[in-house]
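for reference, the sequence and a predicted model appear below.
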Amino acid sequence: MSQDEVKKIIDGAEGFVPSSMPPKLVACTLGDFLQTEFPPRENILAPWLQTRSLNMIYSWRGVGKTHCALGIAYAVASGGEFLGWKAEKPRGVLYIDGEMSASALKDRLMSINAGYVHNNIGENFRLVTPDQQTDAMPDLATPDGQARIDEIILPSTELIIIDNLSCLARSGGRENDAESWNNISQWALAKRTQGISVLFIHHAGKNGNQRGTSKREDILDVVIILKHPENYNPEDGAYFEVHFEKSRHIHGKDVNSFSAKLIQEEGKQNWSVTPLVESNKSRVIALHKEGLKPKEIASRLEIDPSTVHRNLDAAEKEGTIKPRPKRNKS
């Protein structure tokens, strides 16, 4: 090849940009940024689940994660209410289940549906279940799995619920490895950019925290943990406490803990919700009557000793318990 031919090839390549190159980063001045109009966030399920947000609910197995996730999905899709959380209007939901049998899922949804006096669900609630597939469920930790999910997202979809991470993100490394979360977090951030919120349902580990790397929580707006109450009996069924561990945009009474108990009547599903302050009081009284000292009650319930004394003082005034010896405050 002659020098002229080589030079022609080099000259022609100077303006070549490989198609695999990522788009150029966008940078702007502070003034331009402050003048830019961004779409305001709206409440999907007030007060905590917002548009363009990333969220997680986790618990130990058998506590009630799927009950909670299905209730949220139905409330959002119908413009209804769940556990006191209210939807402003019906929105499109894509619920991806990774482990329940289709028949069990159907039974739960039928009881939820029967509990609603009015619903406006239409085509807002769409489900993906393993029993209806001809192949394995998509693996959210892989580009192929993400693409399979993306192709069924409709323009009307505003919330995707992943139930649960362990079943639907099967590769990419160990759960404890922070790098194993990278592919999933990039997909989730892309959904947020597209105006879609994501709710991950996840398992708790042996230490009680969400299982795997804590790096997951970095990009999340809200993290909720469900726990069985101290006095829980398996005969109680779906009965759990709701605690906000992370709440990026809400505070005060909106993040107060509460207990929720499922009540099944004539095939209908309803929930009884009690602020945890009231729930704590009843448990403090019960443990006091069992003979536990205030410090022991505080340790058992994982609350401040002053809260124990305050509840016991109130119970004395109400006549619920006998007067106790006066404390030495010196």
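Cool, got the structure. Numbers count the residues shown, from 1 in each chain.

right, and the helix or strand after the lowest-mean-pLDDT helix or strand in the chain?
Taking mean pLDDT, DSSP states H and E as the measure, the chain has helix 3-13 as its least confident helix or strand, at a mean of 56. For helix 3-13, the following helix or strand on the C-terminal side (DSSP states H and E) is helix 30-35.

packing partners of the helix or strand just after that next one?
Per DSSP H and E, the first helix or strand lying C-terminal to helix 30-35 is strand 43-45. Packing contacts for strand 43-45, counted by 3 or more Cβ pairs under 8 Å, 6 or more residues apart in numbering; DSSP states H and E, involve strand 49-50, helix 65-78. Bear in mind the C-beta positions are built from the backbone N, C-alpha and C, glycine included.

got a list of contacts for the first one?
Spelled out, it's strand 49-50. Applying Cβ atoms under 8 Å, 6 or more residues apart in numbering, the contact partners of strand 49-50 are 41-44, 55, 72, 76, 85, 159, 197, 199, 221-222, 249.

pull out the buried members of those residues.
Using 16 or more other Cβ atoms under 10 Å as the burial test, the contacts of strand 49-50 include 43, 44, 55, 72, 76, 85, 159, 197, 199, 221, 222 as buried.

most tightly surrounded among the helices and strands packed on strand 43-45?
helix 65-78 (a mean of 24; mean count of other Cβ atoms under 10 Å).

can you give me the mean pLDDT across it?
Averaging pLDDT along helix 65-78 gives 96.

what does stretch 33-51 give?
Taken as a whole, stretch 33-51 has an average pLDDT of 94.

how about the CA coordinates for it, as CSV?
Output in CSV follows, covering the C-alpha atoms of stretch 33-51 (Å, rounded to 0.1, in the frame of the first residue of the first chain):
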residue,chain,number,x,y,z
PHE,A,33,-29.6,24.8,35.9
LEU,A,34,-31.6,27.0,38.3
GLN,A,35,-33.7,28.3,35.4
THR,A,36,-34.4,24.8,34.0
GLU,A,37,-38.0,23.6,34.6
PHE,A,38,-38.0,20.0,35.8
PRO,A,39,-41.3,18.0,36.1
PRO,A,40,-42.4,18.2,39.7
ARG,A,41,-42.6,15.0,41.7
GLU,A,42,-46.1,13.8,42.5
ASN,A,43,-47.4,11.3,45.0
ILE,A,44,-48.1,7.9,43.6
LEU,A,45,-49.1,6.7,47.0
ALA,A,46,-49.0,9.5,49.6
PRO,A,47,-47.0,10.3,51.5
TRP,A,48,-43.9,8.2,50.7
LEU,A,49,-44.1,6.7,47.2
GLN,A,50,-43.4,9.4,44.6
THR,A,51,-43.0,9.6,40.8
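
any low-confidence regions in this protein?
Along the chain, the model assigns pLDDT under 70 to residues 1-20, 118, 172-180, 327-330.

and the helices in it?
Counting by DSSP state H, one finds helices in the chain at the ranges 3-13, 30-35, 65-78, 102-114, 143-150, 165-168, 182-193, 276-289, 294-301, 305-318.

make JSON lines out of the ones you listed and add distance to residue 243.
Below are the helices of the chain laid out as JSON lines (distance: least, Cβ to Cβ, whole Å):
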{"stretch": "helix 3-13", "distance to residue 243": "59"}
{"stretch": "helix 30-35", "distance to residue 243": "36"}
{"stretch": "helix 65-78", "distance to residue 243": "12"}
{"stretch": "helix 102-114", "distance to residue 243": "23"}
{"stretch": "helix 143-150", "distance to residue 243": "29"}
{"stretch": "helix 165-168", "distance to residue 243": "19"}
{"stretch": "helix 182-193", "distance to residue 243": "23"}
{"stretch": "helix 276-289", "distance to residue 243": "8"}
{"stretch": "helix 294-301", "distance to residue 243": "13"}
{"stretch": "helix 305-318", "distance to residue 243": "15"}
